[in-house]
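J.: What follows is a predicted structure for the sequence shown.
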Amino acid sequence: MSALAGPRPTMRWRSLLRHRLAKPIAFGLALVPFFWLLYAAIFDQLGANPAEALVRATGDWTLRFLCLVLAVTPLRIMSNTPALAGFRRMLGLFVYFYATLHLLSYGGFDMGFDVADMGRDIIKRPFILVGFSAFVLLTALALTSFNRAIKALGGKRWQLLHKLVYVVAGFALLHFFWMRAGKNDFAEVFVYALILGLLLAWRLVNFISKIRL
Amino acid sequence: MLIKTNRDGFCQPLASSITDQAIYAGRRDLIKLLASGAAGAALTTWASREALAQSAAVIPQPGQLAPLPSVKSSVAGATTMEKLTAYKDASSYNNFYEFGTNKSDPAKNAHTLKTSPWTVEIEGLVKKPGKYTLEDLLKLSAQQERIYRLRCVEGWSMVIPWIGYSLSELIKKVEPLGSAKFVEFVTLADPKTMPGVGSRVLDWPYVEGLRLDEAMHPLTLLSFGMYGELLPNQSGAPVRLVVPWKYGFKSGKSLVKIRFTDKQPATAWNKAAANEYGFYSNVNPNVDHPRWSQATERRIGEDGLFAKKRKTLMFNGYEAQVGQLYAGMDLKKFF
C-alpha cells in the first residue's frame, strides 16, 4: 500500500515484477498467514479459545486480501506498471482461499460440520447470511477465473460478472460490521471501509474521466 | 424464613464436620505419592487413575498472588466436580471492557487498577447504610471455596474455583427495608486507570442488578479470590459478584457500590441493547441471542479444536437450586 504515496517505481522495480521468480515468491508470501495459523494451531499459540481465534484470523485475512486484489488495478494505472496485472488473478484466488478457510473454520469449529445446523444458522442470522452470500459470489468468480472460462464467457461478459467483486466487498464489510456491532467497536471496520471506499472512489473517478475523454 | 432444614442452602455446616484443609490436602499428597511409583505397579495404575479423578478437585497453585485460605462450601450445588479451567486461560481470556474490548486486553492493561485502599458503599433502602473497607468485607464471613461453571453470553464457558461467601451474609448485615426489591451493583469507572472507560461501547460506570431474592440466594457469591489466591485484577479484584446461573456479564467486577432499590435497576448491557440483553439474562439454551444460538457452548481449554461443542444446561446446570425463583415466569419474555 505504501507505493500509493511513495515515489514512482523505478524501471528496476518493474523488471523485478517480471522476474520468473516474482510470482512464486508472491505465492509463498500469500501463504505465510496460512502456515503461521497452522503452526499456531498445532503448537497451542492461539490463546484460550483457539477455535474463535482461527475463525477471526481467517476472516481478517480474507478482508486483507480483498483490499490487496482491489488495489492492483489502481496501482497499475497510477504507477504505470502493467506487470502488476499478472498478480491479480493469484491474489483474487487467495481471497477465495482464505474465505474458504474462514467458512470451514466456522462450519467445523462453531457448527461441528453439521450441515443442517449450518443451513438453519445461515437463514436465521443475517450476519451469517451476508457472509455466506459473499462466499457464494466469490465461488462464481473463482470458478470463472481461468483462461478458458474467460474465452467462453467473452471478455465483456466476464468483466461484468467479475464486477461482482464490489458486491462481495460490500457484503464482507457488512458482515464484519454486524459482527462488531455487539461490542459497538467499529474502529477496525472503519479502517477496512476507508481502504475499500478509497479504492472504489478511485475507480469512479477513473470511469468518469474516461467518459469525458 | 424461620424454617431451617438440613437441605436448604442457607445452613452453615458444623465446624466439626468440615474436613480440615491440611487433612484433605494430605490425602491427595498420599495419592500422588502412590501414583508416582512408590507403590507396586498394579497399585500405581489404580492410584494414578484415582489421582486423575481427584484432579478435578485439587486446586492448582498458580503462585501469582497472595493466597486466600478457604473452607469447602456446603451450599447445595456450590462445588461442581467438573475439570477446572486452567488458571492461565481463566486469567488471560476475560471480558472487562474498562480495560479494552479484546479478550486479551484486561490481562495486559489491568495492572494499573489500584485495589488498595478499597471501599464498598452500601446505600439505598437499608437500615444500615455505610462504607465497608475491603478488610471489613474479607472477614465479614468465612471464606468458602465454590467451584462454579461460568457461561459467557458469547457462547463459551469455564469452570472456576472462586473464593468468597454468599452475598446474603452481607445483605443480612445491612438489613434491607421491606420496600427494597432490587439490588444494584455499581462497579469502578476510573478513567485514569481504566483505558476503556470513555469508549462509547457502554455507559460507564458498568451497572448490574439482581432481584432481592436472587441476590439472597446462597449461590450468589461475593468473591475475593480464585484458585486459592486473591483475584487477579483482570478478574475483578478486589471484590466481585459471581452469579453462576446467569450469563457472565451479570457478575459485576471491582464493585464499589451496592444499592438497594424498589425499582429494577437500569443495567449496562440492557441499556446498550435491550433486545439482546435482558435484565434477567439467566443461562437458557432455549432462548437464543438474536445473533447466535445459546443451545451449545465451547468449554475453554478442554474441548479440542475438532470436538463438538457441549450442550448448554438450563440455568447453567443450577436449575435444581434456582428454578423456583422463576416459577410461573415466561422466560422467553423475561430473558
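T.: Good, I have the coordinates.
J.: C-alpha from now on. contacts and neighbour counts both.
T.: Noted.
J.: who touches the closest residue to residue B:86 other than its chain neighbours in this structure?
T.: Among residues not flanking residue B:86 along the chain, residue B:301 sits closest, at 7.1 Å (CA to CA, 6 or more residues apart in numbering or on different chains). By CA atoms under 8 Å, 6 or more residues apart in numbering or on different chains, the residues touching residue B:301 are A:48-49, B:85-86, B:89.
J.: For the spatially most central residue of chain A, identify the helix or strand it belongs to.
T.: In chain A, the centroid-proximal residue (CA atoms, centre = their mean) is residue A:66; its distance is 2.2 Å. Residue A:66 is part of helix A:50-78 when elements are defined by DSSP states H and E.
J.: swap in residue A:96?
T.: Going by DSSP H and E, residue A:96 is part of helix A:88-105.
J.: Tell me the buried residues in that helix?
T.: A:88, A:90-105 (16 or more other CA atoms under 10 Å in any protein chain shown).
J.: Could you list the buried residues of the helix or strand residue A:152 falls within?
T.: For residue A:152, the host element (DSSP H and E) is helix A:147-153. Buried residues in helix A:147-153, counting neighbours by 16+ other CA under 10 Å, are absent.
J.: Next secondary structure after that helix?
T.: Downstream of helix A:147-153, the next assigned helix or strand under DSSP H and E is helix A:155-162.
J.: Please name every helix or strand in contact with the very next helix or strand once past that following helix.
T.: Next helix or strand after helix A:155-162 toward the C-terminus (DSSP H and E): helix A:164-181. Applying 3 or more CA pairs under 8 Å, 6 or more residues apart in numbering or on different chains; DSSP states H and E, one finds that helix A:164-181 contacts helix A:126-143, helix A:187-212.
J.: Which one of those helices lies nearest to chain B?
T.: Proximity to chain B, assessed across the helices and strands packed on helix A:164-181 by CA to the nearest CA, is greatest for helix A:126-143 (7.8 Å).
J.: which of the residues in that closest one are buried?
T.: A:126-135, A:137-139, A:141-142.
J.: circling back to that earlier point, average pLDDT across the following helix or strand past the helix holding residue A:96?
T.: In the C-terminal direction, the helix or strand that comes right after helix A:88-105 (DSSP H and E) is helix A:115-124. In this model, helix A:115-124 carries a mean pLDDT of 88.
J.: for helix A:115-124, packing partners?
T.: Helix A:115-124 packs on helix A:126-143, going by 3+ CA pairs under 8 Å, 6+ apart.
J.: Centre of the chain to the helix it packs on, how far?
T.: The chain centre lies 12 Å from the centre of helix A:126-143; the measure is CA atoms, centre = their mean, to the nearest Å.
J.: Check which helices and strands it is in contact with.
T.: Short answer (3+ CA pairs under 8 Å, 6+ apart): helix A:126-143 packs on helix A:88-105, helix A:115-124, helix A:164-181.
J.: need the residues of chain A near chain B, please.
T.: Chain A has residues A:47-51, A:108-112, A:125-127, A:183-185 near chain B, with proximity defined as CA under 8 Å from any CA of the partner chain.
J.: what does the stretch 101-250 of chain B put close to chain A?
T.: B:101, B:200-201.
J.: Quickly note the distance from the residue nearest to residue A:128 when sequence neighbours are not counted to chain B.
T.: Take residue A:128 and drop its neighbours on the chain: the residue closest to it by CA to CA, 6+ apart is residue A:122, 5.3 Å away. Distance of residue A:122 to chain B, computed by CA to the nearest CA, to the nearest Å: 10 Å.
J.: returning to that earlier point: which of the residues of the stretch 101-250 of chain B next to chain A are buried?
T.: B:101, B:201.
J.: Contacts only, for residue B:73.
T.: Neighbours of residue B:73 in contact, by CA under 8 Å, 6+ apart: B:79, B:144-146.
J.: Buried among the residues of chain A next to chain B? Make that a PyMOL selection.
T.: Remark: buried members of the residues of chain A next to chain B, expressed as a PyMOL selection using 16+ other CA under 10 Å:
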select buried, chain A and resi 47+48+49+50+51+108+109+110+111+112+126+127+183+184+185
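J.: Check which element follows the longest strand along chain B along the chain.
T.: The residue-count maximum for a strand in chain B (DSSP state E) belongs to strand B:156-166. Toward the C-terminus, strand B:156-166 is succeeded by helix B:167-174 as the next helix or strand (DSSP H and E).
J.: tell me what that following helix is packed against?
T.: Other helices and strands packing on helix B:167-174, by 3+ CA pairs under 8 Å, 6+ apart, are helix B:212-216.
J.: so how far is the helix it packs on from its chain's centroid?
T.: 15 Å.
J.: List the buried residues for it?
T.: For helix B:212-216, by 16+ other CA under 10 Å, it's B:212, B:214-216.
J.: what comes into contact with that helix?
T.: Helix B:212-216 is contacted by residues B:166-168, B:171, B:180-183, B:220, B:325 when judged by CA under 8 Å, 6+ apart.
J.: can you check stretch B:148-165 too?
T.: Taking CA under 8 Å, 6+ apart as the rule, stretch B:148-165 contacts B:59, B:68, B:70, B:78-80, B:82-85, B:90, B:141-147, B:221-228, B:244, B:246-249, B:283, B:294, B:296-300, B:316.
J.: List only those of the residues you listed flagged as buried.
T.: Among those, those scoring as buried are B:59, B:68, B:70, B:78-80, B:82-85, B:90, B:142-147, B:221-228, B:244, B:246-249, B:283, B:294, B:296-300, B:316 (criterion: 16+ other CA under 10 Å).
J.: Now intersect those residues with the helices, please.
T.: residue B:90 (DSSP state H).
J.: Okay, and which of the buried ones among the contacts of stretch B:148-165 map to strands?
T.: Per DSSP E, the subset of the buried ones among the contacts of stretch B:148-165 in strands is B:144-147, B:221-226, B:296-299.
J.: Can you lay out those as a markdown table showing distance to residue B:333 and pLDDT?
T.: Below are those laid out as a markdown table (distance: CA to CA, whole Å; pLDDT from 0 to 100):
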| residue | distance to residue B:333 | pLDDT |
| --- | --- | --- |
| B:144 | 35 | 97 |
| B:145 | 34 | 97 |
| B:146 | 31 | 97 |
| B:147 | 30 | 97 |
| B:221 | 26 | 98 |
| B:222 | 28 | 98 |
| B:223 | 30 | 98 |
| B:224 | 34 | 98 |
| B:225 | 35 | 97 |
| B:226 | 34 | 97 |
| B:296 | 21 | 93 |
| B:297 | 22 | 94 |
| B:298 | 26 | 92 |
| B:299 | 28 | 94 |
